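Asker: Starting from these lines, generate the structure:
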Amino acid sequence: MKNILVLCTGNSCRSQIAHGYLAEITKGKANVYSAGVETHGVNPKAIAIMKEDGIDISGHTSNNITEYFGVDFDYVITVCDNAKERCPYFPTKALKFHYNFPDPAKATGTEEEIMNEFRTVREMVKNYCEDFVRDKVL
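Answerer: Just a heads-up that it's a prediction; the model follows:
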């Protein structure tokens, strides 16, 4: 079984969204982890927009990358430039992939405008995860 790590700055939004989709899409054919180079807690708006798409990430925790140094990852996906630059070395055969998704937590405007930015990023992450699983995992 493949081990996939999704890494972001704070393990709050983008990595949590990707974690939810990768776990759903692989349907138990991969162990999916997410972490941050820092921990900021799981963003309630990320939980809400994932629930809209039928995926419950409310039980996820915000984890620090140091918690997973003992895991032999097959894939490490960084979902922001900051995490890519700060990603620690993994003494494994892990293949690294990167996509710099916009940070929805930095969205401004009305509540609806902010939620729409979360939804836009969610769809970007969902499409990336579907392509990643099809091309790399299954």
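Asker: what's the average pLDDT for stretch 15-27?
Answerer: Taken as a whole, stretch 15-27 has an average pLDDT of 97.
Asker: tell me how far that stretch is from the chain's mean position?
Answerer: Put simply, stretch 15-27 sits 7 Å off its chain's centre (Cα atoms, centre = their mean, to the nearest Å).
Asker: same question, stretch 36-49
Answerer: 10 Å.
Asker: With stretch 94-111 instead?
Answerer: Distance, centroid of stretch 94-111 to centroid of chain: 9 Å (Cα atoms, centre = their mean).
Asker: Over to stretch 44-58?
Answerer: 13 Å.
Asker: now the end-to-end length of that stretch.
Answerer: 8 Å (Cα to Cα, to the nearest Å).
Asker: May I see the buried residues of that stretch?
Answerer: Buried residues in stretch 44-58, counted by 16 or more other Cβ atoms under 10 Å: Lys45, Ala46, Ile47, Ile49, Met50, Ile55, Ile57. For the C-beta atoms, the positions are set from N, CA and C on the backbone; glycine is no exception.
Asker: What is the nearest of those residues to Thr108?
Answerer: Lys45 (13.2 Å; Cβ to Cβ).
Asker: what residue is smack in the middle of the protein?
Answerer: For the chain, the residue nearest the mean C-alpha position is Ser15 (1.9 Å; Cα atoms, centre = their mean).
Asker: which SSE is Val76 in?
Answerer: Val76 is part of strand 75-78 when elements are defined by DSSP states H and E.
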